[in-house]
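> Task: produce atomic coordinates for the following.
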Amino acid sequence: MDNLKASINDINYELFSPQQLKWHSLAIEFANQISVEEIIASDRENKFRRDLFESACQKGFGALPFDKIYGGAGGDYVSFCLVNEIFGRRCVPIMSSLGVHVLCQEPIYTFGTDSQKNKYLRDCAKGKLLAAFALTEPAAGSDTAALESTAKLIGNDYILNGNKIFITSGSAADLFIVFARLPEGITAFIIERNFKGLSIGQKFDMLGMRGYGTCEIVFTDCVVPKDNILGKPGEGRKVALSSLAKGRVTIASQALGWARGAFDGLTKCIRQSSIDYLLANLLTNVEAASALTYQAARAIDRGESNMALAAMAKLKATDTAMQTADQALAITGIEGLKPEYLIERIFRDAKAGQIYEGTNQIQRLLIARDIFSE
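Okay, the predicted model is just below:
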């Protein structure tokens with residue numbers, strides 16, 4: 001597989017600042033250091049690459065859009081999306097874990113106390129801590145109102161019980177943002193891996209999104225210090241939604257990378273003038289997804305909270321990735337199934353992208369609600 005190269009066909013340089021383009025170049029450099037054999041092995045063995053994660057954090061990717069006061073790189077979300085697009089395009093084995101890691105730092109920055117920020121954020125930025133977002137449950141996926149995990153305050157500790165499933169990075173994470181019910185309502189907690197009562201359950205051998213340590217987390221009378229509540233009791237839904245809106249834009253950028261990666265594989269496999277119109281249609285959809293994704297990223301950098309725009313970006317980009325990979329396989333046939341082209345892996349990952357962090361059906365619902373909101 002050829003190394004990635006920045007070309008005028010992939011990015012309109014006039015739309016990005018020199019600092020944003022610097023992060024884009026750094027991401028290409030990092031991605032090119034990972035061989036296609038390593039990429040294939042991560043998928044085949046379903047093994048998380050902690051070494052790559054730590055190396056990415058040392059480059060500044062682990063806390064790219066956050067303030068330097070807590071160890072962040074002082075970048076913006078556009079830059080972070082450019083990095084994620086490159087990582088998605090090359091199927092860098094830590095892509096999803098890095099996105100979730102940043103997703104978990106977001107609520108600590110926004111809702112955390114000074115003590116929590118000082119305790120966790122610098123080590124997250126350096127890669128000493130790997131964070132995971134524990135929201136999904138067996139009976140509660142996109143519907144946060146269906147959460148069954150509970151917590152109760154006993155003395156100076158919360159006692160938490162429940163199960164979380166399909167938790168990206170869960171088997172390797174040191175830190176978890178966890179949501180459970182208090183009498184006041186759904187509440188967020190910062191839970192460390194070594195807290196009594198936390199255990200790693202089933203590890204999932206999935207169709208796609210492999211190599212991310214996705215697993216079940218079990219809480220059995222888990223003891224959580226009172227100081228580790230994140231935000232106020234009953235504010236958990238607010239905490240989750242504020243983070244997920246940005247997370248969906250991150251996923252959109254990853255999916256944009258998948259779409260470009262599938263297109264790369266397609267053009268390497270086959271060159272026939274008879275399918276020029278198909279290539280034109282696919283590329284047009286990719287560029288449309290790109291425009292929407294970076295529109296949503298720029299809205300974040302302006303401080304705008306636009307959940308509908310984030311939903312549209314996630315919907316369009318993941319659907320485009322799935323369509324591009326599907327068409328690439330249909331056109332290339334058995335040749336396109338060779339793992340070195342990455343098309344078949346992107347096909348599997350893109351299907352997962354249409355599901356996690358709010359299914360695309362939920363994204364359509366959010367968009368429709370916004371149309372009729374006052």
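
> Helices along this structure, start to end?
18-32, 36-45, 50-58, 77-90, 95-111, 114-126, 236-269, 276-301, 307-332, 343-353, 360-371 (DSSP state H).

> Check which helices and strands the last one sits against.
In terms of contacts (3 or more C-beta pairs under 8 Å, 6 or more residues apart in numbering; DSSP states H and E), helix 360-371 is packed against helix 307-332. In short, each C-beta sits where N, CA and C put it, glycine included.

> what is the mean pLDDT for the helix it packs on?
Averaged across helix 307-332, pLDDT comes to 96.

> picking that back up, deepest-packed of the helices of the chain, please.
Ranked by mean neighbour count, those are led by helix 77-90 with a mean of 28 (mean count of other C-beta atoms under 10 Å).

> Just list the residues touching Ser290, thanks.
Leu256 (C-beta atoms under 8 Å, 6 or more residues apart in numbering).

> Tabulate the CA atom coordinates of stretch 194-204 in PDB.
These are the backbone C-alpha positions of stretch 194-204, laid out as PDB (Å, rounded to 0.1, in the frame of the first residue of the first chain):
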ATOM      1  CA  ASN A 194      -8.600   0.100  40.300                       C
ATOM      2  CA  PHE A 195     -11.700   1.100  42.200                       C
ATOM      3  CA  LYS A 196     -13.100  -1.800  44.200                       C
ATOM      4  CA  GLY A 197     -16.000  -3.500  42.400                       C
ATOM      5  CA  LEU A 198     -15.100  -2.700  38.800                       C
ATOM      6  CA  SER A 199     -14.300  -5.700  36.600                       C
ATOM      7  CA  ILE A 200     -13.800  -6.400  32.900                       C
ATOM      8  CA  GLY A 201     -16.500  -8.700  31.500                       C
ATOM      9  CA  GLN A 202     -16.900 -10.100  28.000                       C
ATOM     10  CA  LYS A 203     -14.500  -9.000  25.300                       C
ATOM     11  CA  PHE A 204     -16.200  -8.600  21.900                       C
END
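
> Buried residues in that stretch, which are they?
Phe195, Leu198, Ile200, Phe204 (16 or more other C-beta atoms under 10 Å).

> Take these and keep only those in strands.
Secondary structure from DSSP state E places Leu198, Ile200 of the buried residues of stretch 194-204 in strands.

> just curious, which of the buried residues of stretch 194-204 is nearest to Ile362?
Nearest to Ile362 among these is Phe204, at 21.1 Å by C-beta to C-beta.

> Determine how far stretch 98-114 lies from the middle of the whole chain.
From the chain centre to the centre of stretch 98-114 is a distance of 13 Å (C-alpha atoms, centre = their mean, to the nearest Å).

> go on, stretch 283-294?
Distance of stretch 283-294 from the chain centroid (C-alpha atoms, centre = their mean) equals 18 Å.

> And for stretch 104-122?
Stretch 104-122 has its C-alpha centroid displaced from the chain centroid by 19 Å (C-alpha atoms, centre = their mean).

> Could you export that stretch as CSV, CA atoms only?
This file holds the C-alpha atoms of stretch 104-122, laid out as CSV (Å, rounded to 0.1, in the frame of the first residue of the first chain):
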residue,chain,number,x,y,z
CYS,A,104,-13.9,11.6,27.7
GLN,A,105,-11.7,14.6,28.5
GLU,A,106,-14.3,17.0,27.1
PRO,A,107,-16.8,16.6,30.1
ILE,A,108,-13.9,16.9,32.6
TYR,A,109,-12.9,20.2,31.0
THR,A,110,-16.5,21.4,31.0
PHE,A,111,-18.0,20.1,34.2
GLY,A,112,-15.0,19.0,36.3
THR,A,113,-13.7,20.6,39.4
ASP,A,114,-10.2,22.1,39.5
SER,A,115,-9.1,19.1,41.5
GLN,A,116,-10.5,16.7,38.9
LYS,A,117,-8.8,18.6,36.1
ASN,A,118,-5.5,18.7,37.8
LYS,A,119,-5.7,15.0,38.7
TYR,A,120,-6.6,13.5,35.3
LEU,A,121,-6.2,15.8,32.3
ARG,A,122,-2.4,16.2,32.2
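
> Contacts for it, please.
63, 66-67, 70-72, 124-125, 129, 131-133, 175-177, 188, 190, 227-228, 230-231, 235, 239-240, 242-243, 246-247.

> before we move on, the earlier item: want to throw the buried residues of stretch 194-204 into JSON lines with distance to Ile355?
Shown next, in JSON lines, are these (distance: C-beta to C-beta, whole Å):
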{"residue": "Phe195", "distance to Ile355": "29"}
{"residue": "Leu198", "distance to Ile355": "26"}
{"residue": "Ile200", "distance to Ile355": "22"}
{"residue": "Phe204", "distance to Ile355": "13"}
